[in-house]
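In: output the structure for:
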Amino acid sequence: MEHIWFRNSTIGKLSTNAFFHLTHVSYLYFRDVTFKNIERRAFGKMYSIGHLFMSGVIKVEESESSLFASSSIEELLIEGLKGQLDVAFLLGANIRNAVMRESKFRCENGDEDKVTKAPGSSSSLPSTRKKSSITFNNVTSTVLVPHLLVHFNQIHFHNSSVGSIRANQDLLRDHSCNNVSFNFHKTVVDHIESHAFNGLSVDILNISNSRIEHMSRLAMAGATFDRIQISGTELRVLDELVFADVRVASLEMTGTRINRIPLRAFENSQVGNLTISSCEIKILASKAFNNSRLETLAMKNTIVNNAEPQPFVHLQVGLFAGYLWISFY
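Out: Residues are numbered from 1 along each chain as shown. Down below sits the predicted model:
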């Protein structure tokens with residue numbers, strides 16, 4: 001079958017397994033459709049679906065988690081969606097390329113037990129995965145839970161707004177996820193909560209030309225990063241211990257405005273190369289780097305308006321072949 005269309009329709013309830021064993025469909029279209037209620041796995045167990053498109057005006061009044069669990073979809077496009085989505089609506093999907101754009105939705109917290117045990121959840125992810133990506137473009141979402149998107153290798157946010165980035169402490173209890181990259185470009189994030197990336201192994205966390213309103217203590221703790229790159233971005237409120245216990249090979253901040261690097265910001269962190277270049281730091285607090293271990297620390301072409309006493313006290317730099325290079329303007 002080549003095409004299935006739903007147009008100018010209202011669906012009262014889309015039940016679990018509504019499209020059960022739908023196979024070899026090139027295009028499944030929904031245009032100008034209102035969903036009153038979408039149950040768990042409503043689009044589950046579909047096989048060899050080429051393209052699933054939702055466009056026009058898509059309204060979702062209520063939905064549950066794992067909508068596409070155990071389905072094989074080459075391309076998913078959701079455009080013009082408004083309403084409510086479960087925070088785990090994409091959990092367990094096998095989607096090669098997903099795009100959400102021009103959408104505004106609030107995320108509700110589903111039943112935690114159902115989320116962690118959903119078919120196709122991260123605990124059952126194969127050790128080797130096909131390359132896959134999801135892009136959010138001009139999207140407003142109340143919540144992002146990184147753990148619920150780790151079946152994608154690449155997660156991109158462009159021109160978007162996210163209320164909070166938070167962890168799901170239980171989801172990865174028995175499984176670690178590797179080779180995941182997060183990119184935020186021209187995006188506003190209201191709050192990165194504590195342990196937001198807990199349990200993940202992240203290739204790249206890239207934040208560019210964006211604004212982070214608030215980062216809680218231990219925001220990056222519990223995860224392992226290869227690279228964190230922050231450029232052209234404003235970091236407004238950083239709590240004490242914001243980068244404490246972070247494990248990262250390379251952390252680079254370029255052209256970024258930071259209101260305050262707070263007390264014990266990097267305490268007990270292990271950083272290979274930390275570079276702060278062409279940034280403006282209003283306040284560099286005392287003991288900001290207390291008990292941190294860095295191979296190299298380079299601060300260059302950077303304006304520090306107020307450096308409090310002893311910001312580098314008890315800093316361990318270059319245990320093997322590192323250097324400390326500081327150039328304040």
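
In: was I right to think L28 contacts S48?
Out: No: in this structure L28 lies outside contact range of S48 using Cβ atoms under 8 Å: 11.4 Å. Backbone N, C-alpha and C define where each C-beta goes, glycine included.

In: between those two, which one's more packed in?
Out: Per other Cβ atoms under 10 Å, whichever of L28 and S48 has more neighbours is L28, with 22 against 13.

In: next up, the contacts around the more buried one.
Out: Going by Cβ atoms under 8 Å, 6 or more residues apart in numbering, L28 touches 3-4, 19, 22, 49, 51-53.

In: over to E75?
Out: 50-52, 95-99.

In: over to V202?
Out: V202 touches 180-182, 223-226, counting by Cβ under 8 Å, 6+ apart.

In: could I get the full set of helices for the chain?
Out: Per DSSP state H, the chain carries helices over the ranges 112-116.

In: where in this protein is pLDDT low?
Out: 1, 110-130, 169-178, 319-329 (pLDDT under 70).

In: could you flag which of the contacts of E75 are buried?
Out: Taking 16 or more other Cβ atoms under 10 Å as the criterion, what is buried in the contacts of E75 is 51-52, 95, 97-99.

In: how about JSON lines for those residues, with distance to S161 added?
Out: As requested, these are exported to JSON lines (distance: Cβ to Cβ, whole Å):
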{"residue": "H51", "distance to S161": "27"}
{"residue": "L52", "distance to S161": "25"}
{"residue": "I95", "distance to S161": "23"}
{"residue": "N97", "distance to S161": "23"}
{"residue": "A98", "distance to S161": "19"}
{"residue": "V99", "distance to S161": "17"}
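
In: just the ones of those in strands?
Out: Members of the buried ones among the contacts of E75 lying in strands (criterion: DSSP state E): 51-52, 95, 97-99.

In: list just the nearest of those to A244.
Out: Using Cβ to Cβ, A98 is the member of these that lies nearest A244, at 33.7 Å.

In: wait, the closest one touches S71, no?
Out: No: A98 lies out of contact with S71 (Cβ under 8 Å); the separation is 11.8 Å.

In: distance to L284 and neighbour count added to the contacts of V202, as CSV?
Out: Formatted as CSV, these follow (distance: Cβ to Cβ, whole Å; neighbours: other Cβ atoms under 10 Å):
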residue, distance to L284, neighbour count
V180, 32, 23
S181, 30, 17
F182, 27, 23
A223, 25, 23
T224, 27, 17
F225, 23, 21
D226, 26, 16
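
In: so of those residues, which ones are in strands?
Out: In this view, the contacts of V202 that belong to strands under DSSP E are 180-182, 224-226.

In: redo these as TSV? Include distance to I212.
Out: Putting the ones in strands among the contacts of V202 into TSV (distance: Cβ to Cβ, whole Å) gives the following:
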residue	distance to I212
V180	19
S181	18
F182	13
T224	21
F225	16
D226	20
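
In: of those, which is the nearest to E234?
Out: For the ones in strands among the contacts of V202, the nearest to E234 is F182 (18.3 Å; Cβ to Cβ).

In: and the strands in the stretch 101-250 of the chain?
Out: Taking DSSP state E, counting those that start in this stretch as the criterion, the stretch 101-250 of the chain carries its strands at 133-144, 154-158, 161-165, 177-185, 188-192, 200-208, 211-215, 224-231, 234-238, 247-254.

In: mind putting these in a markdown table, distance to E79 included?
Out: Putting these into a markdown table (distance: least, Cβ to Cβ, whole Å) gives the following:
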| stretch | distance to E79 |
| --- | --- |
| strand 133-144 | 9 |
| strand 154-158 | 14 |
| strand 161-165 | 17 |
| strand 177-185 | 19 |
| strand 188-192 | 21 |
| strand 200-208 | 24 |
| strand 211-215 | 25 |
| strand 224-231 | 29 |
| strand 234-238 | 29 |
| strand 247-254 | 33 |
